[in-house]
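Novice: Starting from these lines, generate the structure:
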Amino acid sequence: MIISASRRTDIPAFYSDWFYERIREGFVLLRNPMNARQVSRISLSPNVVDGIVFWSKNPAPMFDRLNELSAYTFYFQFTLNSYGTDIEPNVPSKNESVIPFFLRLSNRIGPERVIWRYDPVFLNERYSIEYHVEYFGKLAERLRGATRHCTISFLDFYRKIEKRISPAGIIPFTENALVRLSEAFRQIAKENNLVIDTCAEENSLERYGIPGAACVNLRLLQQLTGISLLLSKDQNQRSECGCVESVDIGAYNTCRHGCLYCYANSSLKTVLKNTSLYDPTSPLLCGTLSEEDTVKDRNVKSNAVGNMLF
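Specialist: Sure, this is the predicted structure:
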């Protein structure tokens, strides 16, 4: 089993104490997003967890306790964009905090375990093609040697974000804009020794030399573990997604970054309500069990099938 922590919220930034407590106790409780009264108990034993993929804009709160993950294989999907606080109001300063920590994390765990995400990309009057090219280039230079891989993606206009994102004045991508941006990003990546790919795009960028990504990446997990894993494509993701199956232990409407483009939050009011229930000792993220809840053990197992032959 691969643990995703998490596409639904930023566990490293806001809930690292909770996560380490779950590792210590060896299990987590997870509400069904479609039926909140259905709760799964999921083992976090190293005997069944083949790897952990962290997703974060600021994993610094996890850093001092990474030794507690010594029994696990893990890597980070680390999102670092060029947007300001008008778009990402609660993300720490990129220059003063995020970039220096990216370098520090890479130095500790290795560049192969820190994947740079530059996403989502969108255009408006301020964040033009020229802006993205300039700042993508600056970030690539700052991160040179600290990562080997960059994944980009473009903004998806989910209905729940339309009202929130409308003040940004988004300009649709034209074919010419995609060509210009893709060619520039591909060249910058090449100059900085980066593999570049794109995450779950309906309009493939392979014709521009940028292949599709697998963010929960079977090849990388096998390289890091040295073990062959029998994992299938994640059927819960879009058809364009290259990820293998994983269990996401996060919860929607709990991320406090407040990014305008976030698909995982429906409203600030809901986020504030949910996060007020946060208890790092609870087996549930942002909440506790009630008498109406039904808890069932989920049948999970290791997908290891043998050592890799290198």
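Novice: C-alpha from now on. contacts and neighbour counts both.
Specialist: OK.
Novice: Could you list the low-pLDDT ranges of the protein?
Specialist: 201-204, 308-310 (pLDDT under 70).
Novice: which residue ranges form the strands in it?
Specialist: 2-5, 27-32, 35-43, 51-56, 74-79, 114-121, 149-154, 195-198, 227-229, 247-248, 294-297, 304-307 (DSSP state E).
Novice: what sits against Glu88?
Specialist: 257-260 (CA atoms under 8 Å, 6 or more residues apart in numbering).
Novice: Of those residues, which belong to helices?
Specialist: The helices, defined by DSSP state H, take in nothing from those.
Novice: now, among those residues, which is nearest to Asp50?
Specialist: His257 (29.1 Å; CA to CA).
Novice: Would you check how far apart the closest one and Asn274 are?
Specialist: Relative to Asn274, His257 is positioned 14 Å away (criterion: CA to CA, to the nearest Å).
Novice: Give me the phi and psi angles of the nearest residue to Tyr127 once chain neighbours are set aside.
Specialist: Once flanking residues are discounted, Tyr127 sits nearest to Tyr83: 7.9 Å by CA to CA, 6 or more residues apart in numbering. Dihedral pair for Tyr83: phi -80, psi 150, per degrees, to the nearest 10.
Novice: Next one: Tyr83 from Thr270, what distance?
Specialist: Counting by CA to CA, the gap from Tyr83 to Thr270 is 24 Å.
Novice: same thing with Leu30?
Specialist: Leu30 is 18 Å from Thr270, by CA to CA.
Novice: Among those two, which residue is more densely surrounded?
Specialist: Set Leu30 next to Thr270 and count neighbours by other CA atoms under 10 Å: Leu30 wins out with 22 against 14.
Novice: correct me, but the more buried one touches Leu284?
Specialist: Yes. The pair Leu30 / Leu284 is scored as a contact, 6.2 Å apart, by CA atoms under 8 Å.
Novice: Neighbours of the residue nearest to Tyr127, how many?
Specialist: Tyr83 has 18 nearby residues by other CA under 10 Å.
Novice: now swap in Pro211 and tell me
Specialist: 16.
Novice: for Cys259, same thing?
Specialist: 19.
Novice: can you tell me which residues contact it?
Specialist: Cys259 touches 87-90, counting by CA under 8 Å, 6+ apart.
Novice: What is the nearest of those residues to Gly169?
Specialist: Ile87 (11.5 Å).
Novice: gap between that closest one and Arg8?
Specialist: 18 Å.
Novice: okay, the two: which has more neighbours?
Specialist: Of the pair Ile87 and Arg8, Arg8 is the one with more neighbours under other CA under 10 Å, namely 20 against 17.
Novice: Return the distance of that one relative to Arg256.
Specialist: For Arg8 relative to Arg256 (CA to CA), the value is 12 Å.
Novice: do the same with Ser16
Specialist: Distance from Ser16 to Arg256, by CA to CA: 14 Å.
Novice: just Arg113 next, same as before
Specialist: Counting by CA to CA - Arg113 and Arg256 are separated by 25 Å.
Novice: For those two, indicate the residue with more neighbours.
Specialist: Each of Arg113 and Arg256 has its neighbours counted (other CA under 10 Å); Arg113 has more, 24 against 18.
Novice: Quick check, that one in contact with Trp55.
Specialist: No. Using CA under 8 Å, Arg113 is not in contact with Trp55, being 11.9 Å away.
Novice: Give me the common contacts of the two.
Specialist: Phe76.
Novice: so who does the residue lying closest to Ser246 once chain neighbours are set aside touch?
Specialist: Spatial nearest neighbour of Ser246, chain neighbours left out: Ile2 (4.7 Å); criterion: CA to CA, 6+ apart. Ile2 makes contact with 49-53, 245-247 under the criterion CA under 8 Å, 6+ apart.
Novice: Ile2 pairs with what?
Specialist: Beta-bridge partners recorded for Ile2 (DSSP bridges): Gly51.
Novice: distance of it from Leu139?
Specialist: 30 Å.
Novice: Who are the contact partners of Ala13?
Specialist: Ala13 neighbours (CA under 8 Å, 6+ apart): 56-62.
Novice: Wait, Ile11 touches Ser56, no?
Specialist: Yes. Using CA under 8 Å, Ile11 is in contact with Ser56, at 7.2 Å.
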